[in-house]
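1. from the sequence below, what's the structure:
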Amino acid sequence: FDPLLIESRTAATVVLMLSSPEEEVLAKACDALYKFASKDDENKVTLLGLGAVEHLYKLISHEDPIVRRNAIMVFGIMASNHDVKKLLRELDATNSLISQLAPEEDVVIHEFATLCLAHMAVEYTTKVQILEQGGLEPLIRLLGSPDPDVKKNSVECIYLLVQDFQSRAAVRALNVIPPLLELLKSEYPVIQLLALKTLEVVSKDRETRIILGENKGLDCLLKILETNEFSDLHVEALAVLGNCLEDVHTLQLIQQTGGLKKLLSFVELSTVPDIQKNAAKAITKAAYDSENRKILNEEEVEKRLINLLEIDNDGVKVAASQAISAMCENLASKCAFGLQGIPQLVQLLSSDNEEVKEAAVTALANLTAASPSNASAVAEAEGIEPLVNTLNAQRDGAVANAATVLTNLAMQEPFRINIQSRGVMHALAELLRSTNSQVQSKAAFAVAAFGCDADARTELRNTGGLGPLIELLHSKNEEVRRNACWAILVCASDELTAVELCRLGALDILEEINLSTGRKNNFSEDALEKLLDNNLPQKYSQMGYLSSSNIITDGFYDCGQIKPGVKFLSLEELSMQELTDRRAIIFINAKPQEEACSTSVLYSFVNLGVFIIQRKDFSYLLPPPKSILYIVFYVRKGKGKKEEEKSKDVIQITSKVQDEINTENSHWLPPPDFILLDYINDASKTILPLTTTRAQVMALARFVADKMGGPIERDKLHDFSWELHISEIEFELKCNVVPIGKVKKGTFYHRALLFKVIADRIGIGCSLVRGKYNRAWNEVKLVDDSPQGIAGLLLPPQEYIVDLMFEPGFLIKQGSAEADQYKHF
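-> Numbering: from 1, shown residues only. The predicted model follows:
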């Protein structure tokens with residue numbers, strides 16, 4: 001057939017020619033497509049749409065070397081397009097491309113095959129394919145190719161592959177370090193740069209750093225740093241060196257050869273921000289080891305890092321702050337930074353850059369940890385206000401570390417008061433609602449630090465912070481749960497907060513936590529006990545026990561043993577219930593709240609010549625506003641206008657006094673028990689003068705029994721109709737809540753409660769224990785009057801149960817048969 005010359009101006013025609021059986025046609029078609037695809041990315045898309053990739057894929061394995069070369073050239077150019085890479089991945093082209101890296105292949109094939117692999121290695125799935133299909137070995141071999149393009153493409157492909165840790169281990173086994181170090185001598189900066197970047201990644205592994213040292217890689221890196229012509233490589237060289245400095249042996253070696261001083265000089269002398277940043281990062285990595293920190297401290301690295309804080313570059317400030325954080329683990333460095341660096345770090349808290357702010361506050365958190373002097377330095381640098389403001393930062397790390405610094409400052413009372421005055425508890429209440437576990441943990445820890453002050457607890461309570469604090473008890477994070485328990489332990493120090501915590505369900509959650517061996521912690525049990533200690537009514541109701549340190553005060557009430565899962569009601573809530581046949585609630589209140597107010601009002605009106613008639617509604621548990629004052633004005637005849645003017649003054653004064661009464665009575669208060677008050681006064685006069693505790697206990701027992709119906713014979717206990725007596729009182733008061741002073745016929749639990757109340761008021765230590773079947777008793781510890789044993793030694797106190805029913809005043813030794821009989825029969 002005679003030769004036919006064809007001139008085509010459309011890519012579609014040329015693509016059709018890729019199906020030709022003639023090698024010359026194929027070669028020329030591929031060459032034309034290479035030129036077409038090289039012009040722009042749009043042409044690559046056009047060829048992809050015409051199906052050129054599928055045809056070319058078949059040709060890269062063609063027998064003719066020229067066809068094969070030209071086809072791979074087109075592949076190499078087109079692979080930069082995302083859609084082309086996707087199709088090549090579907091065609092599994094990596095295996096065919098790797099086969100073209102054989103030593104006998106043409107250098108051009110090597111160049112474009114490695115270029116195509118470098119484009120494709122961006123994708124993770126392709127990295128896995130190249131690794132599994134054995135592509136690393138030929139790529140590492142081609143690092144020694146005489147062609148610079150092959151070197152560049154090969155090292156770039158390796159750089160992309162080693163981003164995955166499996167590939168890093170594989171290249172180490174294939175001895176990649178020597179050829180990479182050889183590339184540092186290349187005359188092409190791009191090859192040197194890629195080699196350094198690859199070394200930076202692979203040197204993250206300690207085993208590779210050892211190989212790097214054995215091949216004198218440190219010397220190569222230091223030479224680059226010493227050479228001004230390689231200034232464009234200094235950033236990457238410092239990054240590699242930073243990885244190497246993580247090893248103590250390497251840092252010692254560099255120090256001995258003077259390389260460390262050269263490295264630190266970059267911190268001091270360089271004006272290139274990236275170089276300063278990488279030098280600081282190198283110091284940070286080295287400072288993770290304690291021995292390295294000592295070496296860096298000897299080289300006075302602290303001064304250089306402090307100077308970097310003044311550089312007008314946010315990246316440098318961040319890197320320097322991070323290096324300071326790492327160096328703080330060394331005590332000498334911490335002291336050095338405290339003397340000079342804290343003011344600069346405090347200034348950075350006001351930065352507009354959130355990353356700078358986070359790095360600075362993290363450094364301050366490390367500087368102030370277990371360092372009162374550094375905490376003082378922060379306060380002296382006027383750091384409290386910016387720290388409180390940082391609690392509202394955008395980054396969780398900044399917020400958490402700001403809370404940590406404030407916690408460290410709170411260890412000193414003057415600073416704690418200063419911080420608290422700036423509304424820190426309100427800010428912490430918001431942080432407790434965070435979804436970040438680190439912020440939750442640090443916020444709860446800060447609440448524990450500030451919660452030791454009553455004003456702080458009040459602020460937390462008023463800002464609604466107790467609810468979210470309790471919610472943290474449900475956290476799956478162990479540190480969050482522990483710090484939340486600690487905060488609750490501290491906040492439960494006052495009765496108001498303890499009662500509110502109980503109302504919000506803290507008790508139930510803590511009980512649940514303490515039942516779990518995996519969730520309970522050092523503070524959960526103490527927090528539960530503290531809550532109950534400051535909420536004695538609920539403690540006695542749930543635990544059935546009050547110790548000698550649990551002092552019963554006004555407002556206490558005994559509503560009986562509460563069943564698990566039943567809500568514990570307040571005295572006010574119980575008082576509002578309708579009269580029922582259930583067990584009466586016995587309450588304690590020997591403090592007459594209205595006495596002082598009523599007296600002052602009475603005297604005021606008598607002085608004005610006004611008759612006062614006061615009538616009270618005798619429903620005990622109705623709120624005080626039910627009390628009514630009736631005022632009757634008496635005006636004498638013949639006094640004229642003066643008396644009328646005086647009566648007007650009286651009316652004005654009356655109005656003012658009534659307003660005061662209404663204001664004071666705005667909160668519900670239980671009515672006073674004057675009978676109980678008399679009991680306490682009588683006991684103070686008659687029992688306190690007794691010389692021994694034993695005598696006081698016995699006398700008080702007889703006193704209580706006398707007020708509660710006297711001694712009862714054992715065989716006539718069932719005839720002692722105390723239930724009817726209590727029901728009559730309830731009916732009289734129209735309420736289930738009964739003041740203990742009203743009870744004149746009391747059984748075990750009435751007498752034991754009264755004994756405990758009076759004993760606590762006059763200073764006799766005793767416990768209150770609830771038993772079954774309406775039993776309760778008091779336990780006291782007494783020292784024998786005539787101790788037996790070695791002369792001069794005082795025997796430990798013995799525990800006794802106080803008989804209040806059968807032989808009032810008789811002391812029953814704990815553990816004896818008589819004690820068991822008193823408790824149960």
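
2. helix, strand or coil for residue 768?
-> strand (DSSP: H, G, I helix; E, B strand; the rest coil).

3. for it, what are its contacts?
-> 540, 545, 546, 550, 552, 752, 753, 756, 776, 778 (Cβ atoms under 8 Å, 6 or more residues apart in numbering). Every residue, glycine included, has its C-beta placed from N, CA and C.

4. possible to save those as a markdown table with neighbour count and pLDDT?
-> Output for those, formatted as a markdown table (neighbours: other Cβ atoms under 10 Å; pLDDT from 0 to 100):
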| residue | neighbour count | pLDDT |
| --- | --- | --- |
| 540 | 27 | 95 |
| 545 | 14 | 94 |
| 546 | 25 | 96 |
| 550 | 20 | 95 |
| 552 | 21 | 96 |
| 752 | 28 | 97 |
| 753 | 27 | 98 |
| 756 | 26 | 98 |
| 776 | 23 | 96 |
| 778 | 27 | 97 |
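
5. out of these, which is nearest to residue 257?
-> residue 550 (70.8 Å; Cβ to Cβ).

6. where in this structure is pLDDT low?
-> Counting by pLDDT under 70, the chain shows low-confidence ranges at 1-2, 4, 593-668, 785-794, 825.

7. identify the residue nearest the geometric centre of it.
-> By Cα atoms, centre = their mean, the mean C-alpha position of the chain lies nearest to residue 441, the distance being 1.1 Å.

8. which SS state does that residue fall under?
-> Quick answer, by three-state DSSP: residue 441 is helix.

9. about what we covered before: out of the contacts of residue 768, which is nearest to residue 275?
-> When those are compared against residue 275 (criterion: Cβ to Cβ), the nearest one is residue 550, at 67.2 Å.

10. give me the neighbour count for the nearest residue to the closest one once chain neighbours are set aside.
-> Distances taken as Cβ to Cβ, 6 or more residues apart in numbering place residue 536 nearest to residue 550, at 5.6 Å, with adjacent residues excluded. Per other Cβ atoms under 10 Å, the neighbour tally for residue 536 reads 22.

11. tell me which of the contacts of residue 768 fall in helices.
-> Residues of those located in helices (DSSP state H): 540, 752, 753, 756.

12. show the contacting residues for the residue nearest to residue 550.
-> By Cβ under 8 Å, 6+ apart, the neighbours of residue 536 are 546, 550, 552, 553, 556.

13. if you set the cut-off to 7 Å instead, what comes out?
-> 546, 550, 552, 556 (Cβ atoms under 7 Å, 6 or more residues apart in numbering).

14. how about residue 403?
-> 391, 431, 442, 443, 446.

15. the fourth one reaches residue 428, doesn't it?
-> This means residue 443. Yes - the pair residue 443 / residue 428 is scored as a contact, 5.2 Å apart, by Cβ atoms under 7 Å.

16. more crowded one of these two?
-> Shown here are residue 443 and residue 428; by other Cβ under 10 Å, residue 443 has more neighbours (33 against 30).

17. which non-adjacent residue is nearest the more buried one?
-> Closest to residue 443 by Cβ to Cβ, 6+ apart is residue 431, at 3.7 Å.

18. number of nearby residues for that neighbour?
-> Neighbour number of residue 431 under other Cβ under 10 Å is 24.

19. which stretches of this structure form strands?
-> For the chain, the strands defined by DSSP state E occupy 545-546, 557-558, 585-587, 611-615, 628-632, 737-739, 767-770, 776-782, 798-802, 811-813.

20. direction included, what does the second one pair against?
-> So that's strand 557-558. strand 585-587 (antiparallel) (DSSP bridges).

21. using the record's assignment, carve the protein into domains.
-> 1-91, 451-534, 571-591+672-824 (the TED database).

22. so which of the ones you listed is the most packed in?
-> domain 451-534 (a mean of 19; mean count of other Cβ atoms under 10 Å).

23. compute the first-to-last residue distance for that domain.
-> Terminal residues of domain 451-534 lie 15 Å apart, using Cα to Cα, to the nearest Å.

24. what sits against residue 428?
-> Contacts of residue 428 by Cβ under 7 Å, 6+ apart are 443, 446, 447, 465.

25. re the thing from before, closest to residue 455 among the contacts of residue 403?
-> Once Cβ to Cβ is applied, the member of the contacts of residue 403 that ends up nearest residue 455 is residue 446, at 15.4 Å.

26. quick check, that closest one in contact with residue 406.
-> Yes - with contacts defined as Cβ under 7 Å, residue 446 counts as touching residue 406 at a distance of 5.9 Å.
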